[in-house]
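Novice: here is a sequence with its predicted model. Questions after.
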Amino acid sequence: MAVTPSKARGTQPSRAKVKPYPVPDGGTSPGRPVRRLDQSALDNLVGYHLRRAEVHMRQLVIKALADWDIRPPEYSALALIAGNALVTQADLGLALNIKRPNMVSLVEKLERRGLIRREVHALDRRNHILTTTEKGAALLMDIDGMLHELDRTETACWTGSERKSMVELLRRLYGR
């Protein structure tokens, strides 16, 4: 590597103004321009496209749920508790693929917020049944319509039949 005269003398090179370049979120960033990479090496990988779609949808959902101060796993847990009788923490963790320690903190957070309650199981006192409170049911009512509309809007590029097929294919992939 060649040494420039300014580095050889121990002085700093001049700081020319750097022109800002556009970045993907619509803003600008100083430095070199952002360029689109050739992604053809990944184009035939289903997992790559699933991940891209998941990241896109997750970011939209996180932003949409922020007004209610709830994260996607908390919403999913609340929806499953409301939609099923005699739900235990273990059932919920299995359904959502959430490890036990993470499930414990998620359930505790929902309980602290007054969205769910734990009751001792009548037939097995070692387990607790999770149920939604009135506050939790009201929150779900507020959120459900908005999330379903967001989902329909973001998948409007598909016909109803394509959307149904996509859901069926994805269910088959993850073994449901």
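Specialist: Great, that's in hand. Numbering: from 1, shown residues only.

Novice: all strands of this structure, in order?
Specialist: Remark: strands assigned in the chain by DSSP state E are 21-22, 28-29, 87-88, 116-120, 128-132.

Novice: out of those, which is the most enclosed?
Specialist: Highest mean neighbour count among the strands of the chain (mean count of other Cβ atoms under 10 Å): strand 128-132, with a mean of 20. Every C-beta, even on glycine, is put in place using the N, C-alpha and C of the backbone.

Novice: now do that strand: distance to the chain's middle.
Specialist: 24 Å (Cα atoms, centre = their mean, to the nearest Å).

Novice: still on that earlier bit, tell me which of the strands of the chain lies nearest to Asp142.
Specialist: Checking the strands of the chain against Asp142 by Cβ to Cβ gives strand 128-132 as the closest, at 13.1 Å.

Novice: quick check: closest non-adjacent residue to Met146.
Specialist: Nearest residue to Met146, sequence neighbours excluded (Cβ to Cβ, 6 or more residues apart in numbering): Ala64, at 6.3 Å.

Novice: that neighbour: neighbouring residues, count only.
Specialist: Here the number of neighbours of Ala64 (other Cβ atoms under 10 Å) works out to 16.

Novice: which of the strands of the chain sits closest to Val46?
Specialist: Across these, closest to Val46 is strand 21-22 (Cβ to Cβ), at 30.8 Å.

Novice: avg pLDDT for the closest one?
Specialist: Averaged over strand 21-22, pLDDT sits at 54.

Novice: and if you look at stretch 153-163?
Specialist: 96.

Novice: give the buried residues for that stretch.
Specialist: Thr155 (16 or more other Cβ atoms under 10 Å).

Novice: list the contacts for Ile129?
Specialist: Leu86, Val87, Thr88, Arg118, Glu119, Val120, His121 (Cβ atoms under 8 Å, 6 or more residues apart in numbering).

Novice: for Leu106, see how far away the spatially most central residue of the chain is.
Specialist: Nearest to the mean C-alpha position of the chain, counting by Cα atoms, centre = their mean, stands Arg58 at 3.3 Å. For Arg58, the distance to Leu106 equals 17 Å [Cβ to Cβ, to the nearest Å].
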